[in-house]
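Undergrad: how would this look folded up:
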Amino acid sequence: MTLSTTHALEAGLLGDHIAARRLFRHSLTLEPADWAAWANLATAQFMQRDFQAAKRAADRASRIDPSAPQSWLRVSMAIGELQQPAPALQAVRRSVALDPGMTEAWSTIGYFHRRSRQWDQALTALERALGIGSEQASAWNDLGLVCQALGDWPRSKGAFGRAVVLDGDLAEARANLANFLIHEGNFTDGLKAYRQALTLAPGLANAHVALGAALKDQVLAAPALTAIDRGLAIDPFDIIGHKNRLVTLLHLPDETPDRLYQAHRRFGRRFETAAMKAPRSRPRSAGGPVRLAIATSDLRAHPNARFLRGLFLHRNADRVWISVFSDSAPEDATTGWFRERADLWVPIHGLDDAAVARSIRSQQSDLLVITAAHFDSNRPLLALHHAAPTQVSFLDAATSGLEAMDYWLTDPVLHPEDTRERFTERLFRIPCLYNIPPPGADPAVATSPATEPGAVRFGCFVSPARISEATLQAWGSILRMLPRSSLMLKHRTAYGSTTLRTHLQAGLAALGVAPERTMLLSSDDDRPTHQARYAAIDIALDTFPFTGASTSFDALLMGVPVITLAGATFVQRMTTAILTFAGLEELVAPDLSGYVERAVRLAQNLPRLNGLRASLRERLARSLLCNTVAHAEALEQAFTEMATAR
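TA: All right, here's what the predicted structure looks like:
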C-alpha cells in the first residue's frame, strides 16, 4: 500500500471525499493494478454523486480481480444509482456468491429490491444482513421501510428506532420515526423529530412534505403549505408532495375556485409533460356487461368503503363486471368482504403505475374508476397511462387537473348547474352521490342532554385539520352568544397533541371563550363506542371550507343535527348534499352570519331540537342516502352510459 493510499483512506474516513479521490488517483499512477485502490476510488466518487466515474473505477477493480467481492459491490452501487436495477442486482449477487457473509452486500440487495418495490425479496435480503450481525443503521432503516410497506407497523417502528440509536445523524431514519410518532398521535415529539431530521439534512424533500402534512393536521395550514413547497422545490416530481399540497389548499378559506383550478392544472401539466404519452385503449365492444376496473386503496376500514358498499351488494352482474385493483394495506375484514364480491381481485401494493396499467389493460377494461385520488395511496397519475378507454374520478375532493380524466362522478347538489367550480373532466351527475347502507349495529339514539334553552353542548368529530381560522371564529361567536353552552371536539387521538390543544384553546380564549367550556377528547374508539359519544352532544358544528361527509352522516344517524355553511366547491358542499337529501335544508347556511344564526336559533328551540333527535335516524333510512338498491342502479346506468359515449 502506498503512502498516498494510506492518506486517501484516512481522508475517506474523515469524510473528505474530494481529498480521498485526489489521493487515490495519485496512488493509482504508482500502482495501476491495485484493485483495492480502484474500488476505494469508486467509493469516493460515489460519495460525491459522480456515479458514471464511480462505475468506471469499480469496473476497473472488478476486471483486475474478479474474485474480490468488494469490487462487485462497488459496481452494483454505482449502476444502481444510474437507474439500472437489474445489472446492479446481478453485480451485487456476485459479491455474496464470493462472500456469503458480506453483510453490506446483503443490505445492498435489500436496498435495490426495496427501490423496485419487491418487498418480499427486500425483506429476505435485509433479514439475512441483520441476521449475520450487521449493525448498519441504513439497513435497519431500509428494514423499517419494507415492514411499513408490508403493513407490519410495530416491527417497522422498532427498526427505525434501532437505526436512530445506531446513528443519530441518519436523517432519513429520524424522519421515518417521526411518521410513526405522528400516526400514534404524539405530535409534539413527531414535529420535533421532523425538525431534527431537517437540521441534519435540509435537502430531505420527503421530510419537508411530511412535516407539512403534520402541520396541516395541527390546524396550521399556512405553515404546512410553506413546508410542502420547500420539499417540492427540492423534488418537483414528488407525487406525495403534490397531493399534500393540493389537499392543503382545499383547507384554506381564501382560495377561490379559479385559484384552486389553476393549482390543479399546474399539477396536471407538470406530470403530463413528463409522462410518456400512452395510447388510448381500444373502444368498448358491443354487448356484454361493462367491464369496470376500480383502482383504490380505500376498501378497508375507511369511509369511502361505506360509499361503495351498495354497488358491490346489489349490482346486476349482467350489466357490470367488476375487477378491483387494490392498494389497501394492511388489509382487514372490510377488504375481505369486498374481495368476496368482486369478479377479479388484483393486489397492486408495491407496483408502479405502469405495471398497474398493464394489468388493467390485460383485462380489456371498458372503464377505469380511480377513487379519492388526492388521498392515501390512491393514484391520480394512473390516468396518464390510459389503461381503459374511459376514465372516471369518483369520491375525490376536487378536479384531477388531468386532461386524461374523462368524467367526474357527482350529483346536482355537490355540483349544481350554476356551479362556480372548474374542472378538466366532464361532470356526470347521478341522483345522489353519497350512499351509506341503512343503520345497523349503531347504539340507540339517546335523549338530548340539554335541559334549558341555550344550555347546549355543541360538538365536532371532524378531523381538526379542517378547523380553519374562519371556522374557529364562527364557533367563538356562537359560544359567546350562548354563555351557558360548551363545545366538545374529538377525532381519534388527535387532541392528545399539546400543540393542537394549546392552539385551539388559545384561539377560542382570544374570542372570549374560557378554556373550561371546551372538551377535547383523545380516544381511538371502536365504532359503537365512538357513535355512543354523540349522546353527549346536542348540535354538531361543521367545519369549512372543507366540510364533513361521513362524519356528518354519523352525527345525523345518532340524532344530532349538523349546521353547515354551503360553499362553491365540492368539498365545501359535502355536508350540504347530505342535509339536502335528508330534507334538512334549514340547517344549511348561505353565509357566515347565517351559520351562526342557525346554530344559535336551534340551540334556543328545545322542542325543535328534541323533535329532530327523535326523527333523524328514520329520516335518513327513508332517504336516497340509504337506498343502496337505487344507488347501485344509478351507478350501473352511469358506468354504462360513460363507457358507451365514445
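
Undergrad: can you give me how far the host helix or strand of Trp337 is from the chain middle?
TA: Assessed by DSSP states H and E, Trp337 sits inside helix 333-341. Centre-to-centre, helix 333-341 and its host chain are 21 Å apart (Cα atoms, centre = their mean, to the nearest Å).

Undergrad: Alpha carbons of it, as PDB, please.
TA: Extracted C-alpha coordinates of helix 333-341, given in PDB (Å, rounded to 0.1, in the frame of the first residue of the first chain):
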ATOM      1  CA  ALA A 333     -62.300  -7.700   7.400                       C
ATOM      2  CA  THR A 334     -63.800  -5.000   5.200                       C
ATOM      3  CA  THR A 335     -61.200  -5.800   2.500                       C
ATOM      4  CA  GLY A 336     -62.200  -9.400   2.700                       C
ATOM      5  CA  TRP A 337     -65.900  -8.500   2.300                       C
ATOM      6  CA  PHE A 338     -65.200  -6.700  -1.000                       C
ATOM      7  CA  ARG A 339     -62.800  -9.300  -2.300                       C
ATOM      8  CA  GLU A 340     -65.500 -12.000  -2.000                       C
ATOM      9  CA  ARG A 341     -67.900  -9.900  -4.100                       C
END
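
Undergrad: What are the contacting residues of the helix or strand just after that helix?
TA: Past helix 333-341, heading to the C-terminal end, the next element that is a helix or strand (DSSP H and E) is strand 344-347. Contacts with strand 344-347, where a contact means Cβ atoms under 8 Å, 6 or more residues apart in numbering, come from 322-326, 339, 359, 363. Backbone N, C-alpha and C define where each C-beta goes, glycine included.

Undergrad: Which members of these occur in strands, if any?
TA: 322-326 (DSSP state E).

Undergrad: Relative to Arg501, which of the residues you listed is nearest.
TA: Proximity of those to Arg501 (Cβ to Cβ) peaks at Ser326, which lies at 37.0 Å.

Undergrad: and the closest one, how many neighbours does it have?
TA: Neighbour count of Ser326, defined by other Cβ atoms under 10 Å: 22.

Undergrad: Restricting to C-alpha, output stretch 128-137 in CSV.
TA: What follows is stretch 128-137, C-alpha atoms only, in CSV (Å, rounded to 0.1, in the frame of the first residue of the first chain):
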residue,chain,number,x,y,z
ARG,A,128,-30.1,-12.1,6.1
ALA,A,129,-27.8,-9.0,6.5
LEU,A,130,-29.1,-8.2,10.0
GLY,A,131,-29.1,-11.9,11.0
ILE,A,132,-25.4,-12.1,10.1
GLY,A,133,-24.9,-9.4,12.7
SER,A,134,-25.0,-6.2,10.8
GLU,A,135,-25.4,-3.1,13.0
GLN,A,136,-25.6,-0.8,9.9
ALA,A,137,-28.1,1.9,10.6
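
Undergrad: Now do that stretch: distance to the chain's middle.
TA: On Cα atoms, centre = their mean, the centre of stretch 128-137 falls 31 Å from that of its chain.

Undergrad: Go through it and flag the buried ones.
TA: By 16 or more other Cβ atoms under 10 Å, the buried positions in stretch 128-137 come out as 128-130, 134, 136-137.

Undergrad: Equivalent analysis for stretch 401-416, please.
TA: Result for stretch 401-416 [16+ other Cβ under 10 Å]: buried residues 401-402, 404-415.

Undergrad: Kindly report the same for stretch 563-576.
TA: The neighbour-count check on stretch 563-576 (16+ other Cβ under 10 Å) flags 563-567, 569-576 as buried.

Undergrad: Among those residues, which lie within strands?
TA: Among these, the members found in strands (DSSP E) are 563-565.

Undergrad: Now stretch 115-132: average pLDDT?
TA: Across stretch 115-132, pLDDT averages out at 85.

Undergrad: can you check stretch 372-379 too?
TA: 95.

Undergrad: Figure out the length between the terminal residues of that stretch.
TA: End-to-end distance for stretch 372-379: 9 Å, by Cα to Cα, to the nearest Å.

Undergrad: What are the neighbouring residues in contact with the residue nearest to the spatial centre of the chain?
TA: In the chain, the residue lying closest to the centroid (Cα atoms, centre = their mean) is Asp376, at 2.5 Å. Applying Cβ under 8 Å, 6+ apart, we find Asp376 in contact with 297-298, 302.

Undergrad: Wait, Leu220 touches Thr502, no?
TA: No. The criterion here is Cβ atoms under 8 Å, and Leu220 misses it with Thr502 at 11.8 Å.

Undergrad: which of these two has more neighbours?
TA: Applying other Cβ under 10 Å to Leu220 and Thr502 shows that Leu220 carries more neighbours, namely 20 against 11.

Undergrad: which SS state does the residue nearest to the more buried one when sequence neighbours are not counted fall under?
TA: Once flanking residues are discounted, Leu220 sits nearest to His503: 7.4 Å by Cβ to Cβ, 6 or more residues apart in numbering. Assigned with DSSP: H, G, I helix; E, B strand; the rest coil, His503 falls in the helix class.

Undergrad: Same check on the one 4 residues further on?
TA: Here Gly507 takes the helix state, with states given by three-state DSSP.
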